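Engineer: Return atomic coordinates for the entry below.
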Amino acid sequence: QTASEEGLKREAENFKKAVSSPAAKGLVHFFFAQRATNVVPGITDVGLKPRPMKSVGVVGGGLMGSGIATACLLAGIQVVLKEIKQEFLDAGVGRIQSNLTSMVRKGRMTEDKARQLMSLVKPTLTDQDFRQCDMVIEAVIENLPLKQKIFCELERICKPDCILSTNTSTIDITKIAAKMKNPERIVGAHFFSPAHVMQLFEIIRTDATPAQILVDTLGLSKQIKKTPVVVGNCTGFAVNRVFFPYTMSATVLVDIGCDPYAIDRAIMMFGMPMGPFRLGDLVGHDVGVHVGQNFIDDFPDRVYRSPLIPSLLANKRLGEKSGAGFYKYDNKRRATPDPEGVEMLIAASRAQSKLPLDGSPVPAGLSPQEIAEMIFFPVVNEACRVLSEGIVVKAGDIDTAAILGMGFPAFRGGVVHWGDSVGPAVIAAK
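Structural biologist: Okay, here's the model as predicted:
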């Protein structure tokens, strides 16, 4: 037998092992699940055609609003960007310009193309310029009275078939629409930051949302090359709802004695791009506490309220934005663990928490696998609740959303697929 024949034989043996591996099964599952998210029974199978979006309004020119505007521009859609002050408006336009300049610098588009796309932006300080928009996306801070005021005004000004949408990440959209004359017009259009980069696009419907609005919004997702996941209306929707136990479970582990940096390392070994505490630093712990309060209010029976994260806020350790959180950051935002900086805060949190609640001994020397299981098993549990409540129509939608929205490792196939591979009996027993 020649060396080449032996090599081909070895390659065939290894390919056979690879193709039947759990990682291959996970990736194949994700491949098909991602391509099935735009199929929604009772919506996409009743003969409705999406209306093309030629002009999209964006309320708010912050990081999210400018990212949404950039995503629309990249698809050749005209954008009306509205802010409340000229300085805010100039900053929003500047962010869009920076997004496009970055793409030019990376060789993804020419300077001429960037100039052409910027010409599609109409900056404005008045809602009146939304009159001819096909869709308006609200992307202001998570303040319910402000959002309600905005949508009452948009409903009055925009044409009757203009889709009115909110980019809220957690607030029940029926609350946002509560003061509208026609609340059924509102739909959730939740982008993930940075909006012009992240592929996932959550479309949130209520029981009253017309099918045509959903079909049109699904059409927008195709125009801007996003992967849509249609979800029902609840606190946190799909991704944030499923993952709200993620950081809570991590704080439980810290409060019973685990090192936060060991937890982050274990979660990265599992396949996540970063651990929960590094993620909290990135998002900002002020944002985390604000968003987390929605889950505390709506799911009080299954939340864990650690004093740890609020104590970071009290000590102005907000994360990257303040230069320190669980990690400390240099002027290039490179993270370095800062155990001395959080030592006293962790000790105080443990003293207040008095875990475990049942008086059992604190587990010592948890392995990376045990840490990952203690953090992700509650996430699997919440995903099952979301499925049973009909918030999503199929498990593959949660898996796709988890991978594209939270960075859950694709080779594990998504939260539900991974939970199935571990086995319900194993998860229930732990």
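
Engineer: Give me the neighbour count for Gln223.
Structural biologist: By the criterion of other CB atoms under 10 Å, Gln223 has 19 neighbours. All C-beta spots, glycine's among them, are computed from the backbone N, C-alpha and C.

Engineer: What of the one 4 residues further on?
Structural biologist: Under the neighbour criterion other CB under 10 Å, Thr227 is assigned a count of 20.

Engineer: got it, and the one 3 residues further on?
Structural biologist: By the criterion of other CB under 10 Å, Val230 has 26 neighbours.

Engineer: these two touch, right, it and Gly42?
Structural biologist: No: with contact defined as CB atoms under 8 Å, Val230 does not reach Gly42; the gap is 10.6 Å.

Engineer: so what's Ser249 up against?
Structural biologist: 304, 374-375, 378-379 (CB atoms under 8 Å, 6 or more residues apart in numbering).

Engineer: any idea where the helices of the stretch 101-250 of the chain begin and end?
Structural biologist: For the stretch 101-250 of the chain, the helices defined by DSSP state H, counting those that start in this stretch occupy 111-118, 144-157, 173-176, 211-223, 239-242, 244-255.

Engineer: Identify, out of those, the most deeply packed stretch.
Structural biologist: Of the helices of the stretch 101-250 of the chain, the one with the most neighbours on average (mean count of other CB atoms under 10 Å) is helix 239-242, at a mean of 25.

Engineer: elements contacting that one?
Structural biologist: Here helix 239-242 touches helix 368-388, helix 395-406, going by 3 or more CB pairs under 8 Å, 6 or more residues apart in numbering; DSSP states H and E.

Engineer: Would you mind finding the most buried of those helices?
Structural biologist: helix 395-406 (a mean of 26).

Engineer: quick one: the nearest residue to Gln352 once chain neighbours are set aside from Ala347, how far?
Structural biologist: Spatial nearest neighbour of Gln352, chain neighbours left out: Pro307 (5.0 Å); criterion: CB to CB, 6 or more residues apart in numbering. As for Pro307, its distance to Ala347 is 11 Å (criterion: CB to CB, to the nearest Å).

Engineer: These two: who's more crowded?
Structural biologist: Legend: neighbour count by other CB under 10 Å for Pro307 and Ala347, higher for Pro307 (17 against 10).

Engineer: Is it correct that that one is in contact with Ser349?
Structural biologist: Yes: contact criterion CB under 8 Å: Pro307 and Ser349 qualify, at 4.9 Å.

Engineer: Report the contact partners of Pro339.
Structural biologist: Counting by CB under 8 Å, 6+ apart, the residues that Pro339 touches are 259, 261.

Engineer: where in this structure is pLDDT low?
Structural biologist: Filtered on pLDDT under 70, the chain yields the residue ranges 1, 356-364.

Engineer: Tell me how it divides into domains.
Structural biologist: The chain breaks down by automatic domain parsing into domains covering 55-236, 241-390.

Engineer: Mind putting the ones you listed into TSV with distance to His29?
Structural biologist: Output for the domains of the chain, formatted as TSV (distance: least, CB to CB, whole Å):
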stretch	distance to His29
domain 55-236	15
domain 241-390	14
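
Engineer: what's the closest of those domains to Ala3?
Structural biologist: Nearest of the domains of the chain to Ala3, taken as CB to CB: domain 241-390 at 36.3 Å.

Engineer: Surely Glu83 is in contact with Leu125?
Structural biologist: Yes: between Glu83 and Leu125 there is a contact at 6.6 Å, judged by CB under 8 Å.

Engineer: any idea how far Gly7 lies from Val59?
Structural biologist: The value you get for Gly7 to Val59, if CB to CB is used, is 61 Å.

Engineer: quick one: which of those two has more around it?
Structural biologist: Neighbour totals were compared for Gly7 and Val59, and Val59 leads with 25 against 10 (other CB under 10 Å).

Engineer: any residues in contact with both of Glu83 and Leu125?
Structural biologist: Leu89.

Engineer: Same drill for the two, tell me which one is more crowded.
Structural biologist: Glu83 (22 against 13).

Engineer: Distance check, that one against Asp286.
Structural biologist: From Glu83 to Asp286 the distance is 22 Å (CB to CB).

Engineer: Could you report the neighbour count for the nearest residue to Gly61 once chain neighbours are set aside?
Structural biologist: Among residues not flanking Gly61 along the chain, Gly92 sits closest, at 1.9 Å (CB to CB, 6+ apart). Around Gly92 there are 24 other residues, counting by other CB under 10 Å.

Engineer: Could you say which helix or strand holds Gly92?
Structural biologist: Assigned by DSSP states H and E, Gly92 belongs to helix 86-105.

Engineer: Which secondary structure elements does that helix sit against?
Structural biologist: Here helix 86-105 touches helix 63-74, strand 78-82, helix 111-118, strand 121-124, going by 3+ CB pairs under 8 Å, 6+ apart.

Engineer: could you give the angle of that helix to helix 63-74?
Structural biologist: 50 degrees (axes from the mean of the first three to the mean of the last three CA atoms, to 10 degrees).

Engineer: For burial, what's the neighbour tally of Arg334?
Structural biologist: By the criterion of other CB under 10 Å, Arg334 has 9 neighbours.

Engineer: Roughly how far does it sit from Leu63?
Structural biologist: Counting by CB to CB - Arg334 and Leu63 are separated by 21 Å.

Engineer: rewinding a little: any chance of the helices and strands packed on helix 239-242 in JSON lines, with distance to Ala69 too?
Structural biologist: Output for the helices and strands packed on helix 239-242, formatted as JSON lines (distance: least, CB to CB, whole Å):
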{"stretch": "helix 368-388", "distance to Ala69": "30"}
{"stretch": "helix 395-406", "distance to Ala69": "20"}
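
Engineer: Quick one: closest of those to Lys16.
Structural biologist: Nearest to Lys16, of all these, is helix 395-406, at 25.7 Å by CB to CB.

Engineer: quick revisit: make a markdown table out of the helices of the stretch 101-250 of the chain and add distance to Asp330.
Structural biologist: Listed next are those as a markdown table, based on distance: least, CB to CB, whole Å:
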| stretch | distance to Asp330 |
| --- | --- |
| helix 111-118 | 31 |
| helix 144-157 | 36 |
| helix 173-176 | 40 |
| helix 211-223 | 38 |
| helix 239-242 | 30 |
| helix 244-255 | 25 |
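
Engineer: Any idea which of these gets closest to Ser20?
Structural biologist: Nearest of those (CB to CB): helix 239-242, 28.8 Å.

Engineer: how distant is that closest one from the center of its chain?
Structural biologist: 8 Å (CA atoms, centre = their mean, to the nearest Å).

Engineer: what's next to it, contact-wise?
Structural biologist: By CB under 8 Å, 6+ apart, the list of residues contacting helix 239-242 from outside reads 169-170, 192, 200, 202, 234-236, 291, 379, 382-383, 386, 391, 398, 401-402, 405-406, 415.
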